[in-house]
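# turn this into a structure:
(one chain, ligands or ions: 1)
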Amino acid sequence: MILASTTSDTAVLLETLHFAAVKHQNQRRKNKEATPYINHPIAVARLLVGEGQVTDLVTLQAAILHDTLEDTNTTATELDEHFGAAVRQVVEEVTDDKRLPKEERKRLQIEHAPHLSSRAKQIKIADKISNVQDMIASPPVGWPLERRLAYLDWSEQVIAGCRGCSPSLEALYDQIMEQGRQKLAANPT
Ligand code: ZN
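A predicted model of the protein is given here:
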């Protein structure tokens, strides 16, 4: 029984990964290497497993899918049909309303963070860890130092509202932020 359920979870996760890979297939990150976009959701899911010891399948699926509503043509109905309401709900929780201006969306992320489910908070933390790591090591082309630092400051305000759901992920976030600020201060290229 245990073996059967393990096999099935693995198959579900692979299907989820396939879906996200197809949806993001023509997208690249904004860094100089133009990294395939799918590397980012994979990194987020991997942080949840490796650092957060998360084993909940819905959380891992939602992590892999976390940018599909916001950044691809995926609809909530599609997520419902393929992966069920629980996964769709978590993805919706971590999706900005793209009809709003960017600054308003950023402000709302701070405001909404404390009200998110524990699954969504864990994904938020892993997402910000991944983005901060990229902002330090492989930033978007053309972003000056102040803009990169402003991203770090803003992410800290979002994460403040997510604390209490994963001590290990929160500790890693704090460590990445401290190292990142030192690195940007010492060698801001
Ligand atoms: Zn993301």
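# what packs against the longest helix that the chain contains?
Using DSSP state H, we find that the single longest helix of the chain is helix 2-23. Using 3 or more Cβ pairs under 8 Å, 6 or more residues apart in numbering; DSSP states H and E, the elements in contact with helix 2-23 are helix 57-64, helix 68-71, helix 76-83. Backbone N, C-alpha and C define where each C-beta goes, glycine included.
# low-confidence ranges, this protein, go.
Across the chain, residues meeting the criterion (pLDDT under 70) sit at 1-7, 188-189.
# buried stuff in stretch 62-74?
Buried residues in stretch 62-74, counting neighbours by 16 or more other Cβ atoms under 10 Å, are found at 62-69, 71-72, 74.
# of those residues, which ones also sit close to the ion?
Restricting the buried residues of stretch 62-74 to those near the ion by Cβ under 5 Å from the ion leaves Asp67.
# residue contacts, the residue of the chain found nearest the ion?
Ranking the residues of the chain by distance to the ion (Cβ to the ion) places Asp127 first, at 4.2 Å. Asp127 sits next to 44, 63, 66, 94 when contact means Cβ atoms under 8 Å, 6 or more residues apart in numbering.
# do Glu51 as well
By Cβ under 8 Å, 6+ apart, the contact list for Glu51 reads 126, 129, 168-169, 172.
# ok, back up a step: okay, and which of the contacts of Asp127 map to helices?
Reading helices off the contacts of Asp127 with DSSP H, I get 44, 63.
# check which residues of the longest helix of the chain are buried.
Applying 16+ other Cβ under 10 Å to helix 2-23 flags 12, 16-17, 19-20, 23 as buried.
# repeat for stretch 161-179
By neighbour count on 16+ other Cβ under 10 Å, the buried set for stretch 161-179 is 161-163, 165-166, 169-170, 172-173, 176-177.
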